[in-house]
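> Sequence first, then the predicted structure:
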Amino acid sequence: MSQSKYIRKVDQLIDKRYISEFKKNEIDAVAEKFQISISPHLQSLINEPEVQKQYIPSANENNILKEELRDPIGDEQFTPVKGITHRYPDRVLFKPLHTCNVYCRFCFRREKVGQSDEILSSKEFDQAFEYIRSKKEIWEVILTGGDPLTLSASKLSKIIKLLEEIDHVKIIRIHTRLVLASPEKIDSKLLSSLQSSKAVYMIIHCNSHKELSTEVCNAIQRINQLGIPLMSQSVLLKNINDSADKLEKLFRRLVELKVRPYYLHHPDLAQGTSHFRVSLENGRKITSTLRGRLSGIAHPLYVLDVPGGLGKVPAGREFVSLEANNKWKIRTIHDTFTEYQDYL
């Protein structure tokens with residue numbers, strides 16, 4: 001499919017009648033702050049409301065609450081060198097680029113994705129790898145960004161080979177939306193670049209069973225045939241998947257495709273995303289209902305990434321409790337306590 005078929009401008013959205021001319025000024029204001037990209041494949045699914053709401057920009061994104069954050073999960077304070085986030089002792093995020101085939105309207109890195117100055121230069125790339133080599137406690141490297149599978153096969157292969165040479169790195173994990181956004185790109189050349197003597201895991205981002213088209217299912221099968229274990233992460237999103245029925249359909253279908261549901265994220269306090277957020281109370285009710293319906297292998301862990309860089313915590317009662325004045329008491333990964341409040 002031609003790159004020209006991607007939608008990256010407001011005028012293209014109007015031409016396709018995804019938004020009306022009447023909304024142009026409001027969506028122009030959104031586009032000035034947050035990137036737009038909708039792949040040809042996703043355009044073929046765009047009539048599904050659960051798909052459309054994830055990718056078509058909305059005037060609601062201009063509503064930025066004072067409680068919302070540029071860096072909602074605190075990546076910046078754990079960035080020792082550009083391209084590396086080292087929040088947990090035994091693993092790091094490696095972000096070689098911040099571009100994606102598609103830009104989700106709820107993305108927690110929406111302030112950075114699509115920005116040219118976020119792509120690592122050759123020197124910055126070398127500095128990032130030197131950091132990984134120097135920290136013997138790093139057992140796992142997580143390729144993210146942006147979407148690492150948007151790199152060329154040769155660049156991706158280079159990264160895998162460099163990680164293979166670092167003895168203390170045992171696990172390579174790849175987080176991607178490409179499988180859902182552009183399944184045709186999961187071809188033999190890309191797949192061959194992922195072959196490694198080390199354990200490689202892939203986490204695909206999927207929020208609705210409506211995203212699991214025939215093309216996506218075929219791409220997942222190609223990855224399965226390579227022997228790469230597949231897991232998924234999803235975000236709990238208002239009016240998209242915030243019901244036990246919808247999530248049950250998603251998780252059952254993923255398991256049928258040999259994809260293990262891994263994380264269900266409570267939505268982050270990213271700027272301009274309040275229209276996507278679900279309350280913690282409702283999220284806990286939904287996931288509690290799923291406990292009575294689904295096999296254990298179909299259950300992701302429902303997690304809250306605590307603002308300020310305090311890490312992911314399970315949103316069950318042992319970690320999250322409701323206090324006075326509608327504030328939640330959160331037990332962090334450091335065995336400390338902090339407050340959290342829903343801003344809807």
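Looks like it arrived, so ask away.
> Where do the helices of this protein begin and end?
Assigned by DSSP state H, the chain shows helices spanning 10-15, 24-33, 40-43, 49-55, 122-134, 153-164, 178-181, 188-193, 214-226, 244-256, 280-291.
> For the third one, which helices and strands make contact with it?
Using 3 or more CB pairs under 8 Å, 6 or more residues apart in numbering; DSSP states H and E as the contact criterion, the elements in contact with helix 40-43 are helix 178-181. For glycine as for every other residue, the C-beta is placed from the backbone atoms N, C-alpha and C.
> Highest mean neighbour count across the helices of the chain, which stretch is it?
Across these, the average number of neighbours (mean count of other CB atoms under 10 Å) peaks for helix 178-181, which reaches a mean of 26.
> Tell me which other helices or strands it touches.
helix 40-43, strand 199-205, helix 214-226.
> can you give me how far the longest one is from the chain middle?
The reference is to helix 214-226. Taking CA atoms, centre = their mean, to the nearest Å, the mean C-alpha location of helix 214-226 is offset from the chain mean by 19 Å.
> what about that helix, average pLDDT?
Mean pLDDT, helix 214-226: 97.
> now the angle from that helix to helix 244-256?
With axes from the mean of the first three to the mean of the last three CA atoms, to 10 degrees applied, the angle from helix 214-226 to helix 244-256 works out at 40 degrees.
> and the one helix or strand in the chain whose mean pLDDT sits lowest, which strands flank it?
Of all helical and strand segments in the chain, the minimum by mean pLDDT, DSSP states H and E falls on strand 320-322, at a mean of 87. Neighbouring strands of strand 320-322 in its sheet, by DSSP bridges, are strand 328-331 (antiparallel).
> Could you pull out the buried residues of the least confident helix or strand of the chain?
Neighbour-count burial for strand 320-322, counted by 16 or more other CB atoms under 10 Å, picks out residue 320.
> which residues touch it?
Contact partners of strand 320-322, identified using CB atoms under 8 Å, 6 or more residues apart in numbering, comprise 280, 281, 284, 304, 313, 314, 328, 329, 330, 331, 340.
> Repeat that for stretch 250-263.
203-204, 206-209, 212, 217, 220-221, 224, 229-234, 241, 290, 294-295, 297-301, 303, 312.
> Pretty sure residue 146 sits against residue 98.
Yes - using CB atoms under 8 Å, residue 146 makes contact with residue 98 at a distance of 4.1 Å.
> I figured residue 26 was touching residue 62, is that so?
Yes - assessed by CB under 8 Å, residue 26 is found in contact with residue 62 at 6.3 Å.
> Give the intersection of the neighbour lists for these two.
Jointly contacting residue 26 and residue 62 under the rule CB under 8 Å, 6+ apart is no residue at all.
> Low-confidence stretches in the stretch 101-250 of the chain?
Flagging of the stretch 101-250 of the chain using pLDDT under 70 yields the residue ranges 114-117.
> Closest to the centroid, which residue in the chain?
In the chain, the centroid-proximal residue (CA atoms, centre = their mean) is residue 205; its distance is 5.6 Å.
> just to revisit the earlier point, please name whichever of the helices and strands packed on helix 178-181 is nearest to residue 67.
Residue 67 lies closest, by CB to CB, to one member of the helices and strands packed on helix 178-181: strand 199-205, at 24.9 Å.
> what's the closest one in contact with?
By CB under 8 Å, 6+ apart, the surrounding residues in contact with strand 199-205 are 104, 160, 170-177, 179-180, 194, 220, 223, 228-235, 259, 262.
> now do stretch 163-179
Applying CB under 8 Å, 6+ apart, the external contacts of stretch 163-179 come out as 91, 100-102, 104, 132-133, 136-144, 147-150, 160, 185-186, 194, 196-205, 216, 219-220, 223, 233.
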